[in-house]
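K.L.:
Structure for the following, please:
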Amino acid sequence: MRNTYRRSLGLIELVSLGVGGTIGSGIFIVPGIAAGILGPSSLLAWVIVGLSATCVMFSLTWLSGEFGHTASFSTIFSQLFGKRIATGIIVLYLLGGIFGIGTIAAGIGQYLTFFGIDRVLVAEVIILAFFCSLNLAGIALSGMSENILTLLKVLPLVAIAILLLPFIRIEYLTPIIPLSAAGLLSTILIVYWPFTGFEISAIPVNEVKDPRLIPRSLIIVMVIVSGIYLLLNISLIGSVGSAVLSASPTPVATAVAIVFSRSGAIVSVIGIIAMLSALNAYIIGGSRVLHSAAKSQKLPILSNLNFRGTPTVPLLLLCSLSAGILFFSNNFEHLAVLSVLATLVPYLFFCVGAFLVSSDLYKRLVAVMGMISSIAILVLTFLS
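P.N.:
Sure thing, here's the model as predicted:
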C-alpha cells in the first residue's frame, strides 16, 4: 500500500474543489424554498449568511496560516482544544459531510424528475457508486473531473443570471410577506446549506503542490460563490416572482423556462452537472478528513492508502453511509438542515480557534462575528 498522498493539486484545482463543493444542489433548489418562506425579503437571508460564511472563511484562512498551511483539521482542533474535543468536532463534521452527500444526491433526484425519471433513489445510489469509483482511481482523475464540472456549471449560472436581468420587474422585488424573526431564522438556516463546502479547499493539504495556495483559494472561492448567489437570486425573484419560484422543486429551471421557452431541460442538465461537481468535492473532502482523523487515532484499517495514493476504506465507508441515509430519508430540505446543523459546530470552532491564535484586533473581531452568527443560528434553531 502507498503511504503518501500524491501532490498534484494547484490553485485551479483548489478553487474548483471549493467552488464545486459549495455551488451544488443548494443554489438550484434553495431559492424556491427561501422565496416561499420570506418572498423577496429572502434576499436579506442570502446577504446575512454570506457575511457569516465569510467570517468563518477568514477564520479558517488565518488558522491555516498559523499552522503552516499543512495541518489537517484534526491536527488543528487537537492542538487547540485537546484530543477529546477535537474528536467530537471531527465526528460532527463527518456527519455533516454524510448528510451533505445525501442532500446533494436527493437534489439530483429532484432534477431527474424534470425528465420524467421516477426511480430516483436507484439513480442516486448508482451516481454515488460511480463517483466513489472515480475517486478510488486517484486524486489526479477526480481533481481533473472537478475542474471540468465546475467550469461547466459556473459559466452557465453567470450567463443565466445576466440573461434574466432585463426581465426584472420592480414589483417582484417588493416585499409582500411581513418580515418575522421566525421566518428569517428558518430562511437563514436553509440558505446556509448553499454556502457550506467552501472549506474543502483547505482539506487536501497533503495533495497540494504548494500549501501556501490554500488561503488564496479560500478567498477566491468565497468571492465567486457570494457574487453568483446574490446576482442569481435577484435575477430569479425579479424575473418571475417569489410565488412561481416557491411552487417549483426546480426553481432555476422553471424561471428560465418561463422567460426563455423550451430551455428548462438545458438548465436542468446544468443543475445536475453542478450537483455532480458538489458530490465529487464532498467525497474528496470527507474521505480525507476521515483518513486524517483515523491516522491521529491510530486506526490502521482506515489509515492505509491504495497504490494510487487514495484512502480506499474511508471512501467506501463515507459513500456507503451516505447511500444508506437516502433509504431513510430522500427529503432534500430535511437532509440539508441536518447537514447545516452538524457543519455549523466545526465552523464555530474555526472561529474560536482564530480568536485564540490571533492577537490582531481586526482578526479577533471577524472571528467573534463568525462565532456569534454560528451560535445564534444553533441556539435559535433548538429553541424554535
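
K.L.:
Go ahead and confirm Thr196 touches Phe99.
P.N.:
No - between Thr196 and Phe99 no contact is recorded; they are 10.3 Å apart, counting by Cβ atoms under 8 Å. Yep, even glycine has a C-beta here, placed from its N, CA and C like the rest.

K.L.:
Which one's more surrounded, those two?
P.N.:
For Thr196 versus Phe99, the count of surrounding residues by other Cβ atoms under 10 Å is larger for Thr196: 28 against 25.

K.L.:
Nearest spatial neighbour of that one, chain-adjacent residues omitted?
P.N.:
Thr343 (5.0 Å; Cβ to Cβ, 6 or more residues apart in numbering).

K.L.:
Correct me if wrong: the one you found contacts Gly100.
P.N.:
Yes - counting by Cβ under 8 Å, Gly100 is a contact partner of Thr343 at 7.3 Å.

K.L.:
where do the contact lists of the two overlap?
P.N.:
Counting by Cβ atoms under 8 Å, 6 or more residues apart in numbering, the shared contacts of Thr343 and Gly100 are Thr196.

K.L.:
who's more crowded, those two?
P.N.:
Using other Cβ under 10 Å as the criterion, Thr343 and Gly100 rank with Gly100 on top: 32 against 25.

K.L.:
follow-up on the earlier one: so what pLDDT did the residue nearest to Thr196 get?
P.N.:
On pLDDT, Thr343 comes in at 91.

K.L.:
what sits against it?
P.N.:
So Thr343 contacts 92-93, 96-97, 100, 196 (Cβ under 8 Å, 6+ apart).

K.L.:
Next: Ile85.
P.N.:
Taking Cβ under 8 Å, 6+ apart as the contact definition, Ile85 lies against Phe77.

K.L.:
Check the gap between it and Ser373 for me.
P.N.:
Note on Ile85: its distance to Ser373, by Cβ to Cβ, to the nearest Å, is 21 Å.

K.L.:
and if you look at Thr70?
P.N.:
Thr70 is 29 Å from Ser373, by Cβ to Cβ.

K.L.:
and the helix or strand of the chain with the lowest mean pLDDT, what does it pack onto?
P.N.:
Ranked by mean pLDDT, DSSP states H and E, the weakest helix or strand in the chain is helix 300-303, scoring a mean of 81. Here helix 300-303 touches helix 264-296, helix 312-328, going by 3 or more Cβ pairs under 8 Å, 6 or more residues apart in numbering; DSSP states H and E.

K.L.:
does the residue nearest to Arg212 when sequence neighbours are not counted count as helix, strand or coil?
P.N.:
Spatial nearest neighbour of Arg212, excluding adjacent residues (Cβ to Cβ, 6+ apart): His69 at 5.5 Å. Of the three states, His69 takes coil according to DSSP: H, G, I helix; E, B strand; the rest coil.

K.L.:
So what's the residue count around His69?
P.N.:
When neighbours are counted by other Cβ under 10 Å, His69 registers 18.

K.L.:
Residues in contact with both of Thr196 and Phe99, list them for me.
P.N.:
With Cβ under 8 Å, 6+ apart as the test, Thr196 and Phe99 both reach Ser339.

K.L.:
sorry, back to before: in what helix or strand does the residue nearest to Thr196 lie?
P.N.:
Using DSSP states H and E, Thr343 maps to helix 332-357.

K.L.:
Give the buried residues for that helix.
P.N.:
Buried residues in helix 332-357, defined by neighbour count with 16 or more other Cβ atoms under 10 Å: 332, 335-355, 357.

K.L.:
Can you name the next helix or strand after it?
P.N.:
Following helix 332-357 in sequence, per DSSP H and E, is helix 361-383.

K.L.:
Packing partners of that next one?
P.N.:
helix 42-66, helix 181-195, helix 332-357.

K.L.:
Dump these to TSV, plus distance to Ala255.
P.N.:
Putting these into TSV (distance: least, Cβ to Cβ, whole Å) gives the following:
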stretch	distance to Ala255
helix 42-66	14
helix 181-195	16
helix 332-357	18
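
K.L.:
Those: which one's closest to Gly285?
P.N.:
Using Cβ to Cβ as the measure, helix 332-357 is the one of these that comes nearest Gly285, at 11.3 Å.

K.L.:
Gly107: what's it in contact with?
P.N.:
Applying Cβ under 8 Å, 6+ apart to Gly107 gives the contacts 24-26, 28-29, 275, 332.
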